[in-house]
Structure formats: structure tokens, C-alpha cells
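Chemist: Need coordinates for the below:
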Amino acid sequence: MVPHLTTALAGPLMALERKFLDRMPDIERWLRSKWHEHATPFYASVDLRNAGFKLAPVDTNLFPGGFNNLNPAFMPLCVQAIQAAVERVCPDARGVLLVPENHTRNTFYLRNVATLEGILKQAGLSVRIGTLIPDISAPTRFDLPDGSTLTLEPIVRTGNRVGLAGFDPCMVLLNNDLSAGPPAILQGIEQSIAPPLAAGWYNRLKSHHFEAYHAVADEFGALLDIDPWLIDPYFGVCGQIDFQERAGEECLASNVDWLLQRIRAKYAEYGIDEKPFVIVKADAGTYGMGIMTVRDASEVQGLNRKQRNKMAVVKEGLEVTSVIIQEGVPTYEAINDAIAEPVVYMIDRYVVGGFYRVHASRGRDENLNAPGAEFVPLAFESPCIPDLGGPAGCPPNRFYAYGVVARLAQVAAAIEVEQLSERDTGSAAQGKVGSDPAFAPTPA
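Modeler: All right, here's what the predicted structure looks like:
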């Protein structure tokens, strides 16, 4: 069930895993308390990095694709979890309108949509797929390489409700990260939307997520009496960047230098013989675009044209004006000699599986979400979800630790979405999202 994995586990991480297993009742009780305090995200995926001395999230996606990469053995768990998620959003759930990305040629993504559609149908829901693609004005069928099919239909709005011809859904499920902004046709509708429009990348910043995660990691660290750094990547922000005009290079270099110094101090504290590095990436957006590995502050000064073009825009051609500088967490995991990192999937508050993102031509200090990546389904040796029929305990393996840290990121996402929704409605005093100062250090 579990992929053959080569991992150099050492020092604090082994102790951390043991502590997670020993304190499982306390951890699960604490997580349950968080779901009483905050609305659980409908679904999420979390990219993790296991350094052997540290296990930390490096990205959290609130509109996860890749459901087709999950282990089929865990589809029943996905079905149970999605029933709970839909009932929470729409108690009298009947029909669900699934709204995907505007992709028609990316068959890998379309297989994800087909898998998600299948999970919803197995959960006893009537589901149809509504598209935001202007060129699709009638039901359009797409045949996929695995023999499955998808039918995309144009979304129709009537008053304050949306649906399809002859289909009036109870809720709208977004699998579109809204990088280009909230579609007018979905604004102000009376049906429930999950995730909320405010959680789209037009409104969301990675730095805000990791600010929330930093607070969650501190509280969790106090619960277990561990150093929060073992599960929390340091980060800084440079919010006034224009790569094409070379604006903000000094801000970027100073942030890189400051962060590398903090990492060196931690490495010295734990006796870690590694060269620290940071990841510079767009503060908003996904698909692994606008990312570079930096080992010295001098590397971000005087970038050549190719480097600047790579960093200047992300998905939908959006210009990068703010970057997050994140502590690099090297991965010591490999499958068949190819570097690997786990991606954990959650629906509602339940861990439902995941996969390893594997890249044969990338190093352990590089971003693996790039062309050429492959996916190996990750099957947890047990679900570790007692209230969904799992065992009361879990076998001693790192997969439970993955699920714990991923759920910490999910708690942070819940807090983040609450803040985004407040800002989106103008009820918060901070003003519009995106008004970060040029230099915003992580709290010590």
C-alpha cells in the first residue's frame, strides 16, 4: 500500500514523529477544538517537505487539483468526507454545480475534474459541470485518454441564482482558483459557494497564510513542548517588486540575507551541517510559476533577462508585484533515486490521502512542481480518523506526522479565509489585501 521510499530520517524529526504518535489523543482533541472555533475549508492540499531534521508545509492550495493522482483504495474515504463537507455547507444538499479551471486541452487536469465529479456522485449528489469559458455556449463533451468523458455546460444566471439549463443546484463547488478575479456571474448569488470567492488568488497572499500558520505552529508547539521551527518555515515579504524594471532588488536582497542569517542560527543551534537556502516565489498564484532557489543574497541582484521574465508573471499572465522569501526545506525523500515530496489531501477536516510529487531532474533544494514531475499515490497505512471508521491508534510511521502537519496548515487556511472574507466585505480596518509594506519580517 505504501510506496517504497528512501528517507534519511535523523535527529529531531524522528523524535517529533514519536511525540506525535505518543500525544495523538491530545493532538486530535486540540484539532477538534479548532474546528469548533473556525469553519473548516471544504477541501485543501498541502505540499510538505521532509528534511530529516524538519517537517514543514511550503504551500497550501484551497482549490486542489490532482484528485486523479490519489490512491483509488482511498476513494471510499473521500466519498465519506465529501458527504460531511457538503452537508456542512448545504444541509439539504441535492445538486452541486462544479466549476473547474478554464482548461480544455490539459487532459491531466480534466481527469482531476472527472475524478472529483465521480466522488460527488458516489456521495449521492446530482452533479453537473459549469464552465466559465466564453466560447462554450452549449453542452460540450470531452473524451479523456483513460476512456472517461466530461461534459462542460455554460453557466446560466437567473436573478440571484446560478445553474445550468434545467439544473438548479443547492451549492457551487469551485475547482478554479480565481487567479483572474471573481467572475461577475458568481458574485452576489444566494447559493453557498465553496471555497468562498474571497479565497481566490486574486485576493489571497501566501504571506498571509504563513502568518496565520506561524501563530498556529506556536500554539501547537506549546501544546507538545516542541520548538515550533521544527514544523514552521521562516519567511519574509518584499511587496514592491517589478522584475522587468528591476525595482525592489535591494528589498529582495536584504530580505534574503536576513532570512539566511536566521536559518544559519537555527542550523548552528541544532548542529545541522547544511548550506541554507531560500525559495523566492510570487506571493500569489499557483502552478509552480515564478519560483527560484537562492543560496546567497547576491544571486537576486542583477538578474538576467531570462530570470526576470521567469519571475515577472504567473498564471493568467498576472504581473508579480510581491514575493514571499521562504526558508528552503531540503527534501531527503526519494523514490527510485528521484527526489520526492509528499502532498497531503484533505476534504473537510479529514485526511483522505495524497501522493508523492517526484522529479528525477530536480535537486533536493529545488521546487518540484515543474514540468517533468510525476506522481506516485501515497496510501496512509491507516486512515487515522477514528470518527470515520479508522482504528483508535496508528502504526508508527511518518504518514501520521504528514497528516498532522497538513492539518495544521488547514487550520491556518481556515483562519486566513476568515480574515480574507472580512477584508473582502470591508469590515476589517486593515484595508485591501495586497497593501503589505515592502519589508514585513516574520515575527520572532
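
Chemist: which stretches of the stretch 101-250 of the chain form strands?
Modeler: Chain-ordered strands for the stretch 101-250 of the chain, with DSSP state E, counting those that start in this stretch as the definition, fall at 126-131, 140-143, 149-154, 156-158, 161-163, 171-175, 192-194, 235-238.

Chemist: how about those strands in JSON lines, adding distance to Val351 and mean neighbour count?
Modeler: Placement of C-beta: from N, CA and C, glycine included. Converted to JSON lines, the strands of the stretch 101-250 of the chain look like this (distance: least, C-beta to C-beta, whole Å; neighbours: other C-beta atoms under 10 Å):
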{"stretch": "strand 126-131", "distance to Val351": "23", "mean neighbour count": "20"}
{"stretch": "strand 140-143", "distance to Val351": "31", "mean neighbour count": "12"}
{"stretch": "strand 149-154", "distance to Val351": "27", "mean neighbour count": "18"}
{"stretch": "strand 156-158", "distance to Val351": "36", "mean neighbour count": "12"}
{"stretch": "strand 161-163", "distance to Val351": "31", "mean neighbour count": "19"}
{"stretch": "strand 171-175", "distance to Val351": "19", "mean neighbour count": "23"}
{"stretch": "strand 192-194", "distance to Val351": "18", "mean neighbour count": "20"}
{"stretch": "strand 235-238", "distance to Val351": "25", "mean neighbour count": "26"}
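
Chemist: Let me have those in JSON lines, adding distance to Ile324 and mean pLDDT as columns.
Modeler: Compiled in JSON lines, the strands of the stretch 101-250 of the chain are given as follows (distance: least, C-beta to C-beta, whole Å; pLDDT from 0 to 100):
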{"stretch": "strand 126-131", "distance to Ile324": "31", "mean pLDDT": "97"}
{"stretch": "strand 140-143", "distance to Ile324": "36", "mean pLDDT": "95"}
{"stretch": "strand 149-154", "distance to Ile324": "34", "mean pLDDT": "96"}
{"stretch": "strand 156-158", "distance to Ile324": "36", "mean pLDDT": "96"}
{"stretch": "strand 161-163", "distance to Ile324": "34", "mean pLDDT": "96"}
{"stretch": "strand 171-175", "distance to Ile324": "23", "mean pLDDT": "97"}
{"stretch": "strand 192-194", "distance to Ile324": "26", "mean pLDDT": "94"}
{"stretch": "strand 235-238", "distance to Ile324": "6", "mean pLDDT": "92"}
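
Chemist: And the pLDDT at the residue lying closest to Gly200 once chain neighbours are set aside?
Modeler: Among residues not flanking Gly200 along the chain, Leu178 sits closest, at 2.7 Å (C-beta to C-beta, 6 or more residues apart in numbering). Looking at Leu178, its pLDDT reads 93.

Chemist: Hmm, Arg128 and Lys121 touching each other?
Modeler: No: judged on C-beta atoms under 8 Å, Lys121 makes no contact with Arg128 at a distance of 10.3 Å.

Chemist: residues contacting the residue nearest to Gly200?
Modeler: By C-beta atoms under 8 Å, 6 or more residues apart in numbering, the contact list for Leu178 reads 63, 197, 199-203.

Chemist: again with Val79
Modeler: Contacts of Val79 by C-beta under 8 Å, 6+ apart are 119, 122-123.

Chemist: Closest one to Leu132 out of those, please.
Modeler: Ile119 (21.5 Å; C-beta to C-beta).

Chemist: Mind pulling up the pLDDT for the closest one?
Modeler: The model's pLDDT for Ile119 equals 97.

Chemist: Could you pull out the buried residues of stretch 207-218?
Modeler: For stretch 207-218, the buried set under the neighbour-count rule, 16 or more other C-beta atoms under 10 Å, comprises 207-217.

Chemist: Among the contacts of Val79, which lie within helices?
Modeler: Within the contacts of Val79, residues falling in helices by DSSP state H are 119, 122.

Chemist: want to try CSV for the contacts of Val79, with distance to Val344 as columns?
Modeler: CSV is the format used below for the contacts of Val79 (distance: C-beta to C-beta, whole Å):
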residue, distance to Val344
Ile119, 17
Gln122, 21
Ala123, 21
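
Chemist: any idea how far the closest residue to Ala284 other than its chain neighbours lies from Ala412?
Modeler: In this structure, Ala284 finds its nearest non-sequential neighbour in Trp201, 4.9 Å apart by C-beta to C-beta, 6+ apart. Distance from Trp201 to Ala412, counting by C-beta to C-beta, to the nearest Å: 16 Å.
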